[in-house]
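Asker: Kindly generate the corresponding structure for this input.
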Amino acid sequence: MDSVEELGNDRDDGKWCFCAGIIKDLKRRGPHYLSDFTEGLNSSAGVQKIISATVFLFFSLIMPCIAFGVLFSSLTKGIIDVRKVVLSQALAGLVFSIFGGQHLLVIRTTIPLTIFTKVIYTISSETEMDFHTFYAMSGLWTSVFLAISALTGISSLIRYCSRSTEEIFALFVSIAFAVDALKFLAYEFDSYFCFDSESCNVPKPLLSTILLLGTVLIGCEIYNFRFSPYLTAGKRHLVADYALPVAVLLMAVMGSWVFRKIEMGTFHDDNPKNFAFEKWGEISTGMVLGSMGLGLLQGLLIFMDQNIAASVVNNPSNRLKKGPAYHWDILVVAFINTIMSLFGLPLVHGALPHSPLHVRALADVDERSEQGHVREVIVNVRETRLSSLVCHILIWICALFLIPKPLNFIPIPVLYGLFVFLAIVALDDLELWERMLLIFTEQNSYPPTHYIRKVPQKKVHYFTLIQFVQLAVLCAVSFSGYPYLKMLFPAFLALMIPIRLKLVPKLIQEQYLKALDGHF
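Answerer: Numbers count the residues shown, from 1 in each chain. Sure, this is the predicted structure:
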C-alpha cells in the first residue's frame, strides 16, 4: 500500500477529529518502537549495514555542518557559527532519532533556512532590533504554525503531492548543491587567481579545484564499485558503502598535510559557549508582526520540505514495513525548533538528499537485468534507529571536543566536493533525470522501463518539459540575487501541487499520467 494512502483524512465517522492524525501515527508506529532499536542486530550482515550507514550518515552530516556554519557565520557576523550549527544538528538529530515516528528521515538545516536567517539579521540591523529576540520570535511562530498543522491534520494534504513534485524538488536540491560548489570555486578564482597584488595566491584556487573534484571522483568511483565484476555482490556493496568517508579522508589528508604549505583557509571558533539560552531584548509591536510573517513563510517552507522528504522516504519502492508518521513527525520538528529558537541555534527539518540516501544505506539491494539494462531494486531495509542515534552522539562529541581542532584541518573545498558527490548520488533513482537524458538518447537505446512501454515517446518528453519548466522556476527564485524574493520559495514549491492536479491533466491524458507519475 502507498504510504500516502495510509494518512487517512483525519476523520472519524465523517467528522473531523482534533489530533486524529497524530493518534493514528502513534497507533501505527507505537507497536514497532522497541524493534526500531533491535532490528538488524540478529545477523553479522545487519550489524555491518548499520555500522556502514552510521559512518556514511556521520560524514554526510558533519561536513555540511561545517560548511553551513561558515555560511551562517558570514551572514550573521559570527552570531551563529560552526559550533552552533554542529550543536543544532547533534541535538535535533538525537531528539528525532529517539522520538521521531519515521526515524529514517534525516533532519538538518538547509540553504533556504540560511536565507531566512540572513533576512532576519538584515531587518534587525536596519531597524536596530535585537537579533536574538527577533530570531527567537520568528522561530517560535514557525513552531506554532507547524504544531497547528500537526494537530489539525493538515499534513494529510501531502497525499496530493505526486511523485512529479517530489522529483522536481529532489532534482532542485541536487542542483543547489552543485551551484554552491561552483560559486565557491568562482569566488576562489576571482579572489586569488591573479598576479598583480599581495592578495594573489594562484596555487590556492587550483588546489581547491583539485580537492573538490578529487573528492567527487574518488567518491563516485568507489560508490560505483558495486557495478564491477570484482569480489562478491555483498563485498562490492560493502566497499561502496564507505565511498564517502574514504573520499573525504583521502582529500583531507592531501589538502592539510601533503600540500600544507598552501594556505587553504578554514573556519574559526570565536565563541567557546556550547549551549546557552540567549537573552531577549525589547519586544515591539513591529517585531511581533514581522516575526509572525517570517514565521509563517518559514513554517510553510519546513512543512513542504519535511513532508516531501518523508514522502520520498516512504515511497513504496523502498519496501518499508512500519508505516509513516507525517503528523507526529511535524509535531516533533515543531518541538525541536522551539528549542533551537530559544537557544539561538539554526532551525531544522527533514531534508533531501540525505533522507533517501540513509534509507539506501540500510537497504539490501538486488540487481535486475532486462534487455541489457541493469537496475537496482531495494528488497529489504533495516528500519533501525541506531544508525541515526549513534551518528548524532558522535556529532555531539564533535561539538563538545573536536571544534575547532581537528575538524578545522578539513579543507573547505573537500566540504563542497562532498556536496557535489551527494548531488550526483541522489540522481540514481530520479525518473525525472532519467527522462531528461532520454531527450538526447537514441530511441533504440531507451531502457525498458514501465513508462516507455505504456506512454508514447512524444508524451514522455512533453511531461518532462512541463517538469523542467517548474524546476526552472524554482531555480530562478532560489538563485536570484534578491533575498526577499527567495523567501517566496516555499510558496512557489507549494504551487507545484495544484499545477500537477489541475493543469497537467488538461495537457496529458490521465492514463499516461498514471504510468509517468505513479509509484512502481
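Asker: Give me the outermost residue of this protein relative to its centroid.
Answerer: Asp196 (41.6 Å; Cα atoms, centre = their mean).
Asker: Now do the SS call for that residue.
Answerer: Under DSSP: H, G, I helix; E, B strand; the rest coil, Asp196 falls in the coil class.
Asker: and it, what does it touch?
Answerer: By Cβ atoms under 8 Å, 6 or more residues apart in numbering, the contact set of Asp196 is empty. Yep, even glycine has a C-beta here, placed from its N, CA and C like the rest.
Asker: could you pull out the helices for the stretch 351-500 of the chain?
Answerer: Along the stretch 351-500 of the chain, counting by DSSP state H, counting those that start in this stretch, helices occupy 354-361, 386-401, 412-425, 431-438, 450-454, 457-478, 483-486, 489-498.
Asker: other SSEs contacting the fifth one?
Answerer: Contacts of helix 450-454 with other secondary structure elements, assessed using 3 or more Cβ pairs under 8 Å, 6 or more residues apart in numbering; DSSP states H and E, are made with helix 510-516.
Asker: With the shortest one instead?
Answerer: Where contact means 3+ Cβ pairs under 8 Å, 6+ apart, helix 483-486 is packed against helix 111-127, helix 457-478.
Asker: quick one, which of these is nearest to Leu501?
Answerer: helix 457-478 (13.0 Å; Cβ to Cβ).
Asker: hmm, who's touching the closest one?
Answerer: Helix 457-478 is contacted from outside by 111-112, 164, 167-169, 171-172, 175-176, 432, 435-436, 438-439, 443, 451-452, 455, 485-486, 488-489, 492-493, 496, 499, 504, 507-509, 512-513, 516-517, using Cβ under 8 Å, 6+ apart.
Asker: Now find how far off-centre it is within its chain.
Answerer: On the basis of Cα atoms, centre = their mean, to the nearest Å, helix 457-478 sits 21 Å off its chain's mean C-alpha point.
Asker: Let me see the mean pLDDT of that helix.
Answerer: Taken as a whole, helix 457-478 carries a mean pLDDT of 90.
Asker: buried sites along that helix?
Answerer: 459-464, 466-468, 470-471, 473-474, 477-478 (16 or more other Cβ atoms under 10 Å).
Asker: Export only the CA atoms of it, formatted as CSV.
Answerer: What follows is helix 457-478, C-alpha atoms only, in CSV (Å, rounded to 0.1, in the frame of the first residue of the first chain):
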residue,chain,number,x,y,z
GLN,A,457,7.6,9.0,-26.8
LYS,A,458,6.1,12.4,-27.5
LYS,A,459,4.0,12.4,-24.3
VAL,A,460,7.1,11.3,-22.3
HIS,A,461,9.1,14.3,-23.5
TYR,A,462,6.1,16.6,-23.1
PHE,A,463,5.7,15.6,-19.4
THR,A,464,9.4,16.0,-18.9
LEU,A,465,9.3,19.5,-20.4
ILE,A,466,6.5,20.5,-18.0
GLN,A,467,8.5,19.3,-15.1
PHE,A,468,11.6,21.1,-16.4
VAL,A,469,9.7,24.4,-16.6
GLN,A,470,8.6,24.1,-13.0
LEU,A,471,12.2,23.2,-12.0
ALA,A,472,13.5,26.3,-13.8
VAL,A,473,11.0,28.5,-11.9
LEU,A,474,12.2,27.1,-8.6
CYS,A,475,15.9,27.6,-9.6
ALA,A,476,15.2,31.2,-10.8
VAL,A,477,13.5,32.1,-7.5
SER,A,478,16.1,30.4,-5.3
